[in-house]
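Enquirer: Need coordinates for the below:
(chains A, B and C)
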Amino acid sequence: MAKKNYAFYPGCSSQKGASASNFVPSIDVMCDKLDIQLNEIPDWNCCSASIGYGEGGQLSRLVLNARNLALVEQNMPGQDLVSGCPACWLATRETAEKLSEVDSLMADTNEALKEAGLNFKGTVKARHLVEVLIEDVGFDAMKAPVVKPLEGMKIAGYVGCQTNRPFGIAGESFENPQYLDKMIETVGAEAATGYEQKITCCGGALAFSEPEKSQKQIRDIVESAYDHGVDMIVTPCQLCQANVEIYQSEINKKKGTKLAMPVVYYSQLMTVAYGGNAKQAGLDGNILRPQKLLDIATK
Amino acid sequence: MSELNQKAVAKYQNNFLKEVEERVEDGEWVSMCMQCGVCAGSCPLGPHWEHSPQKIFRMIMAGKRDEVLTSDSVWMCTSCYSCIVRCPRKLPITHIMHGIAHYAHRLDVAPKGQPTRELARVFWNNLIKTGRVNELKFSLAVYFKDGFSQGIKNLMSMQGIALGLVKAKRLNPMEIIGGHKCKDVGGIQKMLAKAKEIEDRRQGYSS
Amino acid sequence: MAEMKTAAYICSGCGLGDKLDVPQLAKIAQKEGKMALVREHDFLCNAEGVQMIRDDIEKEAVTHICIAACSRRAKTEAFNFPTVAMTRANLREGVIWVVSEGGDHDEVRQEMADDYVRMGCAELKKAKMPEGNPNHTHLKNLMVVGGGISGMTAAFEAAETGYEVILVEKQAQLGGWADKLWKRVPFKAPYAEPQDTGVAELAAKVSSHPLIKVYLNTTVAETSGAPGRFAIKLAQESGAITEVSAGAIVQATGFTTYDINKLPELGGGLENVVDHAGLEVLAKAANGGAIKRADGREIKSVVFLQCAGQRDDTGRHLPYCSGHCCATSIKQAMYFKDANPEVNTVVVYDDLRVPGMGEDFYRSAQHKGVIFAKGNASKVETAGNGCRVNYRDLILDADSILEADLVVLATGQVPSSGVNVVEWDKLTKEADGGSVEAKQQKSELKNISILNLTYRQGPDVPKLKYGFADSHFICFPYETQRTGIYTAGPVRRPMDILQATEDATGAALKAIQAAENASLGRAAHPRAGDLSYPIVRLEGCTQCKRCTVECPFGAIDEDEKRFPVFNEQRCRRCGTCMGACPVRVISFENYSVDTVGNQIKSIEIPDEFSEKPRILVLACENDAYPALDMAGLSRIVYSAFVRIIPVRCLGSVNTIWITDALNSGYDGVMMMGCKKGDEYQCHFVKGSELAGYRMSKIGDTLTGMGLEPERVSTFEVAITDNAKVAGFINDYVAQLVEMGPSPMKGFN
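Expert: The predicted structure follows:
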C-alpha cells in the first residue's frame, strides 16, 4: 500500500535534545506502521508559540507561520502541513484561516515574506497529527497493527487545551472530547472515563512565569488521575507532557506530596502496542518511569 | 510616559474604546460583549486575577484606559482558549487579551517586571535570533532576567529538574554553544523587520 | 313535543362483557331505571350498533337514550344523536379500567357498574334535549374601540374575513401610539435596522375598506345588550349621539406612558430628561438628521435608563416589566448612531430583555457602537449644559458617573382599561347605603369608563392584574370576563407592536366566533356550541341577588324589582347561578338540580355493617373528570366505593346535592375542581373559588346533622393529575373507613 505523504512540522520542542525529543521516535514507528510518510519541511521556523504575542505583533506572528506554509506550498505541493505539536498546529492554522479571511493581511504578509524570498497563495491546509490518525487512518486501521494489547493498564486521557480548543478535532465536544479515550481503548488499555481534569489547563507557558499558579493546575491534573486509580496519564501535547511530568517533583518538594504519575504520549502507547521496544517508544526519555508500559515493551 | 503612549493619548483623547478597536488585535469585537461573565467563570487562572475578561471589556467601554493597560490580569492568559469556545457571542477573547497585553507592552505601560511579560520578551528575542527556540538559552535567560545572583538562585532551585531532563536527553548542555537554527536566519530576520515596519505604519506608530 | 320514550343501550365490548354481568345491567336498566327499551350490543360504537340506535330513534320514536359503555368523553362522534336527550354511564374508564383485577373484586366492580347504570337512567329521566336559546340574534358585525395598531389590525382582519366593522377612535385621526413614533423595531430578518412604522399605510387600508366604518373624535357613551345584540351609543366630540349595534366588541384602547414626573430621582421633570415618547418627538423633528434637544442644541451624548419606574419592588412605581422598552431603547439609540456615529450612546440596564429575534437587534446596536452598561441609576441631576447620571456599575461593582446632553427614561405601559369594577362595586354598595360621597366618586369614576356598559356588575371589563383587562395569566387569551367583549394589545398586557398585531388578529377571530354562536343560539367558549341555556322559574325567585352578584361573566342584570334578567348570549353555561340559587329555580335543560340530584338518590347504599362505604365525587368536567378518565386509560386503580358525577364547574354545585347525599347515607363527598386563587385554572374564573367558599359555610349544617365536617372535602385537580387523583380517592376512602360509617345510614 502506498504511503500517504504529509509535510511534517516537528516544532522546536521536538528537536534533538529538546524537551519533547523523545516524542519523535515513537511518532516515527507509529507512522511507519500506519503507512504515513512524514516529510520534514525544509528549514522550518518557530511558530512563535502561545507566548510570542507579548513582543511580537500580529503581523510578525502571521509572517512567521506563513513562512512555513509557503515553504510547504513551494516545495511540497499537494501535501497537508501536519504538526505533532498543538501550539504549532494552532498558530499555523490560525494564520492560514486569518490570511484567507482578510485580504489586507495576506497582502502585508506577502510583502514581508518577499524579504525571505517566499510567497504564500493560501493553498496549504494546516492539520494536527491526531486529525490525520482519526480522519485519514481511522480507529479500525489504528487497531490493526496491535500485537501487544496494553491489557491490564488503566490510563487517564489528558487532552489538555490546544489540541481541543479553539479548533479541536472535528465532531468532538470542547467540554468532553472522546477521541483520546478511544485511542487508549484501541490499543487495548482501559480508559479512565469520567476523568475530571481531561481538559484542564496545565498552565502552558506560564509554568515558567507563574510557577505557583501553574503547579496548582498540575497538581489537580495528577491527583485526579490518582483518584481514578490509573497507571499513567497520556496526552497528545508536548507542553502538557513536560509540565505535568516535570513539575511533580517541585510540587512534592513544596507541598509534601508524593506525586510520581508517569505521563506519556499517545504515540508511545501505540508504539509499544505495535511491538516497538522501549527505545523505539522513547520511554528512556520519560523522567517518571511508566513501569507497566516498560514491562510490556520489554516482554 | 513613553512617547508612543503620549501620542496615543493625544490621538484618541478620551475614546479608549476607539483606540482599542483600531489598535488592538481583534479589538473591534470588544463592544459585542454582552457581559454574561462566562469567560470569567471559564478561566483557569480565575482565582488569581483582579479583572476578568468581562471586566476588562466593561472597563474599555467605560474608558478606563490606565487601569486596563496597566492591568496584571491580561498577562495571566495561559492560552487555554476556554473563553473563546464558551463565549456565546463568539468573541475571540484569548486573542483580545493577547492583543491588549501586546499593546500595553508596545506602549511600554504594561506592569514592569510582570513575569509573563518578561518571559514573552525573552522568548521572542530567543526565537528571532535563530528562527527556532533554543530551550536551554531560553530557560537560562528566564532565570537570569533578574540579575546574576538571582539567576544562580533560580538555577539551583531548578537543578533537580534540569539534571533529570539532561539525563533523559531532553535538555542538551551543548546547546549553549550554537544549537539548532534555521539556515535562512538572515531571510527570517529581514522578513520580521519588514513585518514590524508594515505593522508600525498601519498602526500609526510611524509615518 | 313528542311523548318521552326512554331507551338504554348496554355495550359489552372493550372487555365490558368479560368483567361485568351485562344481562344484570340490562335488568337494572329495565326494572329500576324503568327504561322503555333496553338493548345489549357487543360493539355499540361500530356502524351496526350506531345504526341500531338510529333505527330506534326513527322507528320506535325514542326520545331519551342512556348509553352504558365508555366515558362521555369517548366515541363522541359515533354517539352523536342531536335529536334526542342523551346520558352516558361510564362503565369502561369509570369501572373496569380502575377497579382491581381478579375475582375478589367482582362483587364491588359489578356494584359500581350497577350504580352507574342506575345513575344514567335517573339522570335521563330528568333531562331534556337542549333546544337552543330561542332569543336568536342576527348581528355579526364587530365594534372595535381604539384606532391604534391593535384596533386597526383587528378591524382590518375582521373586515378581510368578511365581517362589517365599526371602528371608534377618540382622536381626530387613526394611528394611536405608533403614529407618534419616528420608526418601529424590525419584525423581519435581519432584525438590524429600525423600520417605518407602517401606520399610514394601515390607516389608509382601514379607512378605505368597504366593510369598515370609522368614527373619529368619538367615544362610547353607552353599551348595552349582549353578544349578537349589543346596542351602543357613540358620542361625537360635537356632543351628537349616534346609535349603532354590533354582534361583538374588541377593545383595543392601548396604554399611556408612566408619568415621568413621578420619577424625580431619575430626573423626571428636568429639562433635558425625556421618556421614550419625548424622544420620538425629537427624532420626528430631526427627520433623520442630527437629533436636537428642545433648546435646539445638537445632542452629542445620550444615556438611556432602563426599567425607569418599572419592575419596582418598593410599591411606589410599576411592579411589572413592560416588555418592549429594551428594544425601544435600542431602536432609539440607533436613531442617534444612524444620524451620527460619533454620538456617545449608552444604555444602562439591569437585565436587557430582548426576547426572540430581539437579540439580533441588540447585536446590531452593538455593531453600531451603542454601549450597554449593566448598572442601576440612583440619581440624575442637572450638570453644566446637560445631565449627570449617577449609577452603580454592576460589572465593576463601583459607583460611576455618566455625563450626557440628554437622558431618556424607559418608562412602562399603563393600561387604558377604564373603570376598576371592584372599586365600582364597593362604591355602589356604599352609595346604595346612602353615602353621598360614594355617589359622587362613582360619577367621577364613570367619566373614565371606556365601554360604559349598562351591566349590573359595572361599566367596564374586569381587570386581572395591575389594571390590565385580561382574564387569565396564560389561558384564554383575548377573552375578558364579559362574553362577546375581547381585549387586544397593551390594554390586555404590556406588549410591543408585533405582539399587538398578533393579539388583535386573535381577538378579532374570537369576536367573530362569539357573534356567530350567538346567532345560532349557542354558547360561546369554552362550551362552544352548547345549545343549553339557563332557564329561570321567576315565580319561585326570592330576589336574593346571589346569581346576579356571583355570575363570573356579568351575564345577569336586575330589573327594577330586583328580579334577575338573564342575558343568555352573555352566558357561558357554567351553572354558577344554579349552584348559587338557594331556592333552586335556575336550571338547564340537560343539567339541573334534578338531573344530578336524581342520580345521587338513585344508587343503592349498603348498610353500615357491609363495610362498603359510598363516596360521592363531584368532578369538574374540564380538568378533574378528564384526569379520572386518564387514570382509567393508564389502568391506575382506585377504590370501587366512589360514585363519580361530572359537573360543569364546581361553581354549579348546589349545596342541596351535598345535604341530599349525606342524608341518603353516603359516607362522604369529594369535590374535585380546578386550582383557585391568583393563578386560578378554573375555566369559569371563580367557580372553584365559590365552591370552596360555599362549602366552608356548610360546616354548621353538617354539625346539625351530627356529621364530621371532613365528610365533605374539596380537592384541586389539574388535567394532568391522573395518578394524583387516584391517590386522593384512595386516601380519602381510607380516611372515611377510619372514621366509620355515616350515622345517617339506614334512615332512608
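
Enquirer: From B:Val20, how far off is C:Asn447?
Expert: In this view, C:Asn447 and B:Val20 are 58 Å apart by CB to CB, to the nearest Å. Using the backbone N, CA and C atoms, a C-beta is placed for each residue, glycine as well.

Enquirer: Kindly report the same for B:Glu175.
Expert: For B:Glu175, the distance to B:Val20 (CB to CB) stands at 40 Å.

Enquirer: neighbour count winner among those two?
Expert: B:Val20 (28 against 19; other CB atoms under 10 Å in any protein chain shown).

Enquirer: so how far is chain C from that one?
Expert: 13 Å (CB to the nearest CB, to the nearest Å).

Enquirer: Please look at A:Asn68 and A:Asp43 and confirm they touch.
Expert: No. In terms of CB atoms under 8 Å, A:Asn68 does not count as a neighbour of A:Asp43; the distance is 9.3 Å.

Enquirer: Give me the more crowded residue out of those two.
Expert: More crowded of A:Asn68 and A:Asp43, by other CB under 10 Å: A:Asn68, with 27 against 19.

Enquirer: residues near the spatially closest residue to the more buried one that is not a sequence neighbour, how many?
Expert: Among residues not flanking A:Asn68 along the chain, A:Trp44 sits closest, at 5.2 Å (CB to CB, 6 or more residues apart in numbering or on different chains). Burial of A:Trp44 is recorded as 23 neighbouring residues (other CB under 10 Å).

Enquirer: Identify the residues contacting A:Trp44.
Expert: Going by CB atoms under 8 Å, 6 or more residues apart in numbering or on different chains, A:Trp44 touches A:9-10, A:68, A:71, B:182.

Enquirer: With secondary structure and pLDDT added, can I get those in CSV?
Expert: Converted to CSV, the contacts of A:Trp44 look like this (DSSP: H, G, I helix; E, B strand; the rest coil; pLDDT from 0 to 100):
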residue, secondary structure, pLDDT
A:Tyr9, strand, 97
A:Pro10, coil, 95
A:Asn68, helix, 98
A:Leu71, helix, 98
B:Cys182, coil, 95
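
Enquirer: Out of the residues you listed, the closest to chain C would be?
Expert: Within the contacts of A:Trp44, distances to chain C taken as CB to the nearest CB reach their minimum at A:Asn68, with 35.1 Å.

Enquirer: residue contacts, the closest one?
Expert: Here A:Asn68 is in contact with A:9, A:41, A:44-45, A:47, A:81, A:92 (CB under 8 Å, 6+ apart).

Enquirer: One more pass at 7 Å, please.
Expert: By CB atoms under 7 Å, 6 or more residues apart in numbering or on different chains, the contact list for A:Asn68 reads A:9, A:41, A:44-45, A:81, A:92.

Enquirer: cool, B:Cys43 as well?
Expert: Listed by CB under 7 Å, 6+ apart, the contact partners of B:Cys43 are B:52, B:82-83.

Enquirer: circling back to that earlier point, report the separation between the residue nearest to A:Asn68 and chain C.
Expert: Distance, A:Trp44 to chain C, by CB to the nearest CB: 40 Å.

Enquirer: Helix, strand, or coil at that residue?
Expert: coil (DSSP: H, G, I helix; E, B strand; the rest coil).

Enquirer: What residue spans form the domains of chain B?
Expert: B:3-111, B:115-197 (automatic domain parsing).

Enquirer: now stretch B:12-24: how far from the chain's centre is it?
Expert: Chain-centre distance of stretch B:12-24: 19 Å, with CA atoms, centre = their mean, to the nearest Å.

Enquirer: The contacts of A:Asn68: which two are farthest apart?
Expert: The span of these, defined through CB to CB, is set by A:Asn45 and A:Leu81 at 12.9 Å.

Enquirer: returning to that earlier point: need the buried ones from the contacts of A:Asn68 selected in PyMOL.
Expert: A single PyMOL command selects the buried members of the contacts of A:Asn68 (16 or more other CB atoms under 10 Å in any protein chain shown):
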select buried, chain A and resi 9+41+44+45+81+92
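
Enquirer: Return the closest of the contacts of A:Asn68 with respect to B:Ser31.
Expert: Distance to B:Ser31, by CB to CB, is smallest for A:Thr92 among these, at 30.0 Å.

Enquirer: Quick check: that closest one vs A:Pro86, distance?
Expert: 11 Å.

Enquirer: Repeat that for C:Glu107.
Expert: According to CB to CB, C:Glu107 stands 78 Å off from A:Pro86.

Enquirer: out of those two, which sits in the busier spot?
Expert: Set C:Glu107 next to A:Pro86 and count neighbours by other CB under 10 Å: A:Pro86 wins out with 27 against 11.

Enquirer: Skip the chain neighbours and tell me the closest residue to that one.
Expert: Using CB to CB, 6+ apart, the closest residue to A:Pro86 is A:Gln162 (3.7 Å).

Enquirer: Within range of chain B, give me the residues from chain C.
Expert: C:363, C:366, C:369, C:371, C:373-374, C:393, C:395-396, C:400 (CB under 7 Å from any CB of the partner chain).

Enquirer: If we use 10 Å, what do you get?
Expert: Within reach of chain B by CB under 10 Å from any CB of the partner chain, chain C has these residues: C:342, C:344, C:346, C:349, C:352, C:359, C:362-363, C:365-375, C:393-398, C:400, C:402.

Enquirer: Give me the contact status of the helix or strand bottoming out on mean pLDDT in chain A with chain B.
Expert: Least confident helix or strand of chain A, by mean pLDDT, DSSP states H and E, is helix A:206-209 with a mean of 92. Yes. Judged by CB under 10 Å from any CB, helix A:206-209 and chain B are in contact via A:206-209.

Enquirer: Most neighbours among those residues, which one?
Expert: In the residues of helix A:206-209 next to chain B, the most neighbours by other CB under 10 Å go to A:Leu206, 27 neighbours.
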